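Trainee: Pasting a predicted model and its sequence here:
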Amino acid sequence: MIFYPIDFIQVIADIVAAILTFLYPIVSPMGTFMVIWMEYVLQFFPRDSLIVYIIIAIVIVALGLFVNIAWPGDKKPGFLTKAKEIDEKIEKKAEELDKKVEDKAKELEEKVEEKTEKTEAKIKKKVEKAKKKAKEIEEKPEDLEEEVEELEEEVEEAGEELEDKAEDLEEDIEELEEEVEEASEELEENAEALEKDVEELEEKTEDLEEEVDEAKRIPEDD
Amino acid sequence: MGRFFNIIKGIIYMGVYIVTTMVIPFLTFTWVRNLSISGVDIVLTQHNYENIIFWISAFGLLISATAFFNYSSPKQSVRKGTFAMVQIILNCLYIWSYKFSGATEIRFEIVIEIINVGYVSINVQNMVMLYMGVYFLTILLKGYDFFDFVLNREKIREKRYKKQEGGNEPS
């Protein structure tokens, strides 16, 4: 009677052994990895009293009760609905702000267009003025050129006159020089004549002096 | 309606896990301690009987509590995914506790009228290792579920809320 169950157990053991042998190369590394981390983790589990485990179990159950009663998952949680409301409000505000921004942008665009039109008109006026001024400026050089030409002609004329005058002056100078030369020659001649006269006068004075001396000597002899 | 249904479901599963992880192993080891088949006493010479019972109780409590949290949580919720993973990890530790407490190497001594005839030894360590490998794969699956719930939580929530609004499928 005892051996029948033992045989049955043997058959089961053989089957299990076959399965294990087949799966061993695949499952064994996984099992080894599991053993490593479990042995590490189990170091931190208290081995003295069950109280710690009982407390942890009670805490988990209480937490589960509280959480799953408060947020059963069939409705949106309060904080999510609030968040959604806040999101909607933010979206509305954002849309309003967008509209405002668009309106302001349009206003600004219109203003900018007006200003640009005005400035364009002003610029056109200024350009026209500038063109006119440019034309005037372009015309002015022609006048100036004419004036310059006139002045050049005048200068040329004046130059010619001056040249003539210079020539006249040169002629006059030459004449004067000749006259001066002549005058100098005359003067030299006059000087020579005067010298001669002086010499004659000196001789006459000497003669006169001699006569005067002779005249003086004569009374004394008397 | 939904919340009470969830809580009842959690309580039921907690009861199931208490029975399977604590009560049945406790009764089994207590019964095996002094087993008599056809007048022949088969004595469990497990010296660490108390040690086995301690670890079975400790991890059984934790597994049952996490099972309550897990099964009372809404479907495909992040908390459900989290606690399912925690539960699997605790299951691994629970299974491993059989190994390190000595329960995987059980030796039955056959005694007929005080005379020790022989012994039967059952070594299920390799089976536990196989279990560990399977649990490793289960942890991977639960991890995938968890990330799926986290990444698609908006879609899952919307789907769940729509179902609730339509009244087709209560959670």
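Mentor: It's in.

Trainee: Do you have the helices of chain B handy? List them.
Mentor: Per DSSP state H, chain B carries helices over the ranges B:2-18, B:24-33, B:49-72, B:78-100, B:125-151, B:153-166.

Trainee: Out of those, the one nearest A:Glu147 is which?
Mentor: Closest to A:Glu147 of those is helix B:153-166 (Cβ to Cβ; 90.8 Å). C-betas here are computed from N, CA, C, even on glycine.

Trainee: Please export the C-alpha coordinates of that closest one as CSV.
Mentor: This file holds the C-alpha atoms of helix B:153-166, laid out as CSV (Å, rounded to 0.1, in the frame of the first residue of the first chain):
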residue,chain,number,x,y,z
ARG,B,153,-2.7,57.0,-18.7
GLU,B,154,-4.5,59.8,-20.4
LYS,B,155,-6.0,57.6,-23.0
ILE,B,156,-6.9,54.9,-20.4
ARG,B,157,-8.5,57.4,-18.2
GLU,B,158,-10.6,58.9,-21.0
LYS,B,159,-11.7,55.5,-22.1
ARG,B,160,-12.6,54.6,-18.6
TYR,B,161,-14.5,57.8,-18.0
LYS,B,162,-16.4,57.4,-21.3
LYS,B,163,-17.4,53.9,-20.3
GLN,B,164,-18.6,55.1,-17.0
GLU,B,165,-20.6,57.9,-18.6
GLY,B,166,-22.1,55.5,-21.1
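
Trainee: out of the helices of chain B, which comes closest to A:Asp14?
Mentor: Nearest to A:Asp14, of the helices of chain B and by Cβ to Cβ, is helix B:125-151 at 13.0 Å.

Trainee: quick one on the thing from earlier: need the winner for burial among the helices of chain B.
Mentor: Mean neighbours per residue, mean count of other Cβ atoms under 10 Å in any protein chain shown, is largest over the helices of chain B for helix B:49-72, with a mean of 23.

Trainee: so can I have a markdown table of the helices of chain B showing mean pLDDT and distance to chain A?
Mentor: Output for the helices of chain B, formatted as a markdown table (pLDDT from 0 to 100; distance: least, Cβ to the nearest Cβ, whole Å):
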| stretch | mean pLDDT | distance to chain A |
| --- | --- | --- |
| helix B:2-18 | 90 | 4 |
| helix B:24-33 | 81 | 13 |
| helix B:49-72 | 89 | 4 |
| helix B:78-100 | 84 | 5 |
| helix B:125-151 | 78 | 3 |
| helix B:153-166 | 73 | 4 |
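
Trainee: Switch those over to TSV; also include distance to A:Ile26.
Mentor: Shown next, in TSV, are the helices of chain B (distance: least, Cβ to Cβ, whole Å):
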stretch	distance to A:Ile26
helix B:2-18	29
helix B:24-33	28
helix B:49-72	26
helix B:78-100	18
helix B:125-151	7
helix B:153-166	33
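
Trainee: closest one to A:Ala134 among those helices?
Mentor: A:Ala134 lies closest to helix B:153-166 among the helices of chain B, at 71.4 Å (Cβ to Cβ).

Trainee: what's the weakest-modelled helix or strand in chain A?
Mentor: helix A:3-42 (a mean of 76; mean pLDDT, DSSP states H and E).

Trainee: Just confirm yes or no for that one near chain B.
Mentor: Yes. With Cβ under 8 Å from any Cβ of the partner chain as the criterion, chain B is reached by helix A:3-42 at A:5-6, A:16-17, A:19-20, A:23-24, A:26-28, A:30-31, A:33-35, A:38-39, A:41-42.

Trainee: between the helices of chain B, which one is nearest to A:Asp164?
Mentor: helix B:153-166 (113.7 Å).

Trainee: Okay, angle between that closest one and helix B:2-18 too, please.
Mentor: Per axes from the mean of the first three to the mean of the last three Cα atoms, to 10 degrees, the angle that helix B:153-166 makes with helix B:2-18 is 120 degrees.

Trainee: Tell me the helices and strands packed up against helix B:153-166.
Mentor: Counting by 3 or more Cβ pairs under 8 Å, 6 or more residues apart in numbering or on different chains; DSSP states H and E, no packing neighbours are recorded for helix B:153-166 among the helices and strands.

Trainee: follow-up on the earlier one: kindly write the ChimeraX command that selects the buried subset of the residues of helix A:3-42 next to chain B.
Mentor: Entered in ChimeraX, the line below selects the buried ones among the residues of helix A:3-42 next to chain B, by 16 or more other Cβ atoms under 10 Å in any protein chain shown:
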select /A:23,24,27,28,30,31,34,35,38
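
Trainee: mind checking the SS state of A:Ser49?
Mentor: Judged by DSSP: H, G, I helix; E, B strand; the rest coil, the three-state class of A:Ser49 is coil.

Trainee: between the helices of chain B, which gets nearest to A:Lys122?
Mentor: Of all the helices of chain B, helix B:153-166 comes closest under Cβ to Cβ, at 59.0 Å.

Trainee: Compute the inter-axis angle for the closest one and helix B:125-151.
Mentor: 80 degrees.

Trainee: now the angle from helix B:153-166 to helix B:78-100?
Mentor: 110 degrees.

Trainee: Can you read off the pLDDT for A:Val101?
Mentor: pLDDT for A:Val101: 90.

Trainee: coming back round to it: elements contacting the least confident helix or strand of chain A?
Mentor: Applying 3+ Cβ pairs under 8 Å, 6+ apart, one finds that helix A:3-42 makes contact with helix B:78-100, helix B:125-151.

Trainee: of those helices, which approaches A:Val127 most closely?
Mentor: Proximity to A:Val127 (Cβ to Cβ) singles out helix B:125-151 among the helices and strands packed on helix A:3-42, at 66.1 Å.

Trainee: Okay then, goodbye and thanks.
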